[in-house]
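Trainee: Please work out how this folds:
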Amino acid sequence: MFKRKIIKSFESWKNSTGKKKALVVKGMRQIGKTSSVLQFAKDNYANVVYVNFKERDSAKKVFDGDLNVDRMIMDLSAMLPGTRMEPYKTVLVFDEVQECANARASVKPFCEDGRFDVICTGSLLGIKGYNKKKGKGVPTGFEHIIYMKPMDFEEFLWAKGVGENVVDYLRGCYESRTPVSEATHAAMLRYFKEYICVGGLPYVVDRFVATGDMNVVYQEQRDILEEYRDDFGKHQPRINRVFDSIPRQLAKENKKFVYSALEKKGRSEHYQAAIQWLLDCGIVNQCKNLSAISAPLEGNSVENVFKLYMQDSGLFVAMLDEGAAFKILSGELGFYKGAIFENIVADCFSKQDRRLFYFHKDSGLEIDFVTMVGGETALIEVKATTGNTKSSDTVLKNPQYEVDVCYKLSENNVGVAGKKVTLPYYMTMFLK
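Mentor: Now for the predicted structure:
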């Protein structure tokens, strides 16, 4: 069981005052929702009642008919011999709850009753309308929703056994704008490249930590990708086409998502539902173009001009050539180098709950990301090697753009030149 930051959010929910809502944990498959919730439940409650609605179809019958708390508790006790239902000492964990809409509807009477805490998890909970017609509806005002994502780079370092003192040292270098020692800098670049290839799915990270074998990692990732594709085919016929096109879309010089790459006469109305499905599932991140670089950024975003990035960088690398991970680790990046490093930065920003924006003009001027850092509008330039920052230089010199600073992310150590701050990739985790 890896250390996860989301546990603090669970603790805040448990310690909240007043009428407690049910905790609902959403997120893509294989990110550790169940293991994190169960570990938290075991550490904080005398009794844990666990029901997985994918594995125990018969449990759905408990929630048929009237959702009377005493009756549901009695039926759960009968179905799960050995469980204890002590009031105020018991948490009910409903896993894959999207498969039983009535179980999710039951959180309202459970919350109103107040004797039992409820936690719901599910990989398809973000899908609007999923199983909508098969139950009594989603309760309004009785859920505290948390979106869980794959492990971030700091959590990956913890899994590797890197001490928090090292992260504190790096944070100090970031804040004081002083270079990291060469030995630590080299080690962190290596760890970050490993993170790009492995990603943040806990099972894949566990296999990597246990074996150190990228071939094992690759096979696990390919298996997960096939499971995803099977899921897509069950729900939306065009999802696979969008999903499989992401590496090709990002390999273009202008990485804007284009529908003609999906089919010759592809149109937005044909694929909007498929893209929304991937977004709702948390599998991809959308980065919108800006019509102008000024705050508020969302107010200047262009709705139908965007890029799509993979939520988990490891899965993105596994979608490329079989030897892609070796090339990344050895520095031989080739054709996809820009896409790989942009994707990992988008991934890191997403795990900070940032909305993603970029800036592109027909003249060729393009900024990889535009975001807010410490209350300032910031340009983010991502360089696979060292690279120049021609577009950012143009923006910084032009007073019509309301820009305070440019962060250049590359393999280089920390450095400052006027409004430009150079940071090594691994310091993306501090740009909050």
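
Trainee: how about the CA coordinates for the strand or helix carrying Glu175, as CSV?
Mentor: Glu175 belongs to helix 164-176 when assigned by DSSP states H and E. Output of helix 164-176 as CSV, limited to C-alpha atoms (Å, rounded to 0.1, in the frame of the first residue of the first chain):
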residue,chain,number,x,y,z
GLU,A,164,10.8,13.7,2.2
ASN,A,165,14.0,15.5,3.2
VAL,A,166,15.0,15.3,-0.5
VAL,A,167,11.8,16.8,-1.7
ASP,A,168,12.1,19.5,1.0
TYR,A,169,15.6,20.3,-0.3
LEU,A,170,14.3,20.5,-3.9
ARG,A,171,11.5,22.8,-2.8
GLY,A,172,14.0,25.0,-1.1
CYS,A,173,16.0,25.3,-4.3
TYR,A,174,12.9,26.1,-6.3
GLU,A,175,11.8,28.8,-3.8
SER,A,176,15.2,30.4,-3.6
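
Trainee: can you list the residues that contact that helix?
Mentor: Applying Cβ atoms under 8 Å, 6 or more residues apart in numbering, the contact partners of helix 164-176 are 154, 157-158, 179-180, 184, 188, 414, 423, 426-427, 430. Heads up, the C-betas are built off the backbone N, CA and C, glycines and all.

Trainee: make it 10 Å
Mentor: Residues from elsewhere that reach helix 164-176 (Cβ atoms under 10 Å, 6 or more residues apart in numbering): 3, 153-154, 157-158, 162-163, 178-181, 184-185, 187-188, 191, 413-414, 421, 423-424, 426-427, 429-431.

Trainee: which residues sit in contact with Glu55?
Mentor: Here Glu55 is in contact with 95-96, 99 (Cβ under 10 Å, 6+ apart).

Trainee: Report pLDDT for it.
Mentor: For Glu55, the pLDDT comes out at 92.

Trainee: Could you shift the numbering so residue one becomes 13, and keep it that way?
Mentor: Okay, using 13 as the starting number, the last item reads as Glu67.

Trainee: one step back: and which of the contacts of Glu67 is nearest Gly224?
Mentor: Closest approach between those and Gly224, by Cβ to Cβ: Asp107, at 31.4 Å.

Trainee: I'd like the mean pLDDT over the helix ranked longest in the chain, please.
Mentor: Ordering each helix of the chain by length in residues (DSSP state H) puts helix 226-247 first. The average pLDDT for helix 226-247 rounds to 91.

Trainee: Which strands and helices lie in contact with that helix?
Mentor: Judged by 3 or more Cβ pairs under 10 Å, 6 or more residues apart in numbering; DSSP states H and E, helix 226-247 is in contact with helix 194-210, helix 214-223, helix 251-263, helix 280-293, helix 325-330, helix 336-342.

Trainee: could I get the contacts of Glu67 as a markdown table with secondary structure and neighbour count?
Mentor: Formatted as a markdown table, the contacts of Glu67 follow (DSSP: H, G, I helix; E, B strand; the rest coil; neighbours: other Cβ atoms under 10 Å):
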| residue | secondary structure | neighbour count |
| --- | --- | --- |
| Asp107 | strand | 22 |
| Glu108 | coil | 21 |
| Glu111 | helix | 22 |
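
Trainee: most packed of the helices and strands packed on helix 226-247?
Mentor: Burial of the helices and strands packed on helix 226-247 is given as mean neighbour count (mean count of other Cβ atoms under 10 Å); helix 325-330 ranks first at a mean of 26.

Trainee: Let me see the mean pLDDT of it.
Mentor: Averaged across helix 325-330, the pLDDT comes to 96.

Trainee: Name the residues of the helix holding Glu187 that are buried.
Mentor: For helix 176-188, a neighbour-count test (16 or more other Cβ atoms under 10 Å) marks 179, 182, 185-186 as buried.

Trainee: What is the nearest of those residues to Lys45?
Mentor: For these, the closest approach to Lys45 (Cβ to Cβ) belongs to Val179, at 24.6 Å.
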